[in-house]
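Engineer: Only the shape, not the letters, is given here:
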């Protein structure tokens, strides 16, 4: 069965994301003190209904992979939150928040247009308690 060009491109992007996820180290290796990492994504697009919010909770055995595909099926973009996770880990509150804009493009083969979907993110890290001596 042959896929339409847009579907083949989407499948290729998803395959690459899965490959990159599998190659990522586990969270406990990347951030040994983390007990739990919570990533909240709220999407905003003016003039239309935005995609449903997403919530991701990662534990030490999870992969330390923080790239999330744009929720629009016809978009080529993704949101990379690796910098936000690093910022949360270095912040004394263990939190980071901000806004990212999708740099991908949407549409069929002939009508590509910039996606520009925004995600408002919050990253919160819970750290393991140090044992009292």
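Structural biologist: Structure received. Predicted model, so just to flag it, every value in this text is computed and none were measured. Residues are numbered from 1 along each chain as shown.

Engineer: Report the next helix or strand after the helix or strand of the chain with the lowest mean pLDDT in sequence order.
Structural biologist: The weakest-scoring helix or strand in the chain, judged by mean pLDDT, DSSP states H and E, is helix 5-23 (a mean of 72). Sequence-wise, the next helix or strand downstream of helix 5-23 (DSSP states H and E) is helix 27-30.

Engineer: And that next one, what's buried?
Structural biologist: Going by neighbour count (16 or more other CB atoms under 10 Å), the buried part of helix 27-30 is 27, 28, 30. In short, each C-beta sits where N, CA and C put it, glycine included.

Engineer: what's the spatially most central residue of the chain in contact with, if anything?
Structural biologist: For the chain, the residue nearest the mean C-alpha position is residue 68 (2.9 Å; CA atoms, centre = their mean). Applying CB atoms under 8 Å, 6 or more residues apart in numbering to residue 68 gives the contacts 41, 54, 56, 78, 79, 81.

Engineer: And the pLDDT at it?
Structural biologist: Note for residue 68: predicted pLDDT of 94.

Engineer: Please report how far residue 41 lies from residue 126.
Structural biologist: 18 Å (CB to CB, to the nearest Å).

Engineer: Among these two, which residue is more densely surrounded?
Structural biologist: Remark: of residue 41 and residue 126, residue 41 carries more neighbours, 20 against 14, as counted by other CB atoms under 10 Å.

Engineer: And the closest residue to residue 97 other than its chain neighbours, its phi and psi?
Structural biologist: What sits nearest to residue 97 in space, not counting adjacent residues and going by CB to CB, 6 or more residues apart in numbering, is residue 122, at 4.7 Å. Per-residue torsions, residue 122: phi -140, psi 130 (degrees, to the nearest 10).

Engineer: buried ones in stretch 31-45?
Structural biologist: Neighbour-count burial for stretch 31-45 [16+ other CB under 10 Å]: 31, 34, 37, 39, 40, 41, 42, 43.

Engineer: Then stretch 72-82?
Structural biologist: By 16+ other CB under 10 Å, the buried positions in stretch 72-82 come out as 72, 74, 75, 76, 77, 78, 79, 81.

Engineer: same deal with stretch 94-104?
Structural biologist: Buried, per 16+ other CB under 10 Å, within stretch 94-104: 94, 96, 100, 102, 103, 104.
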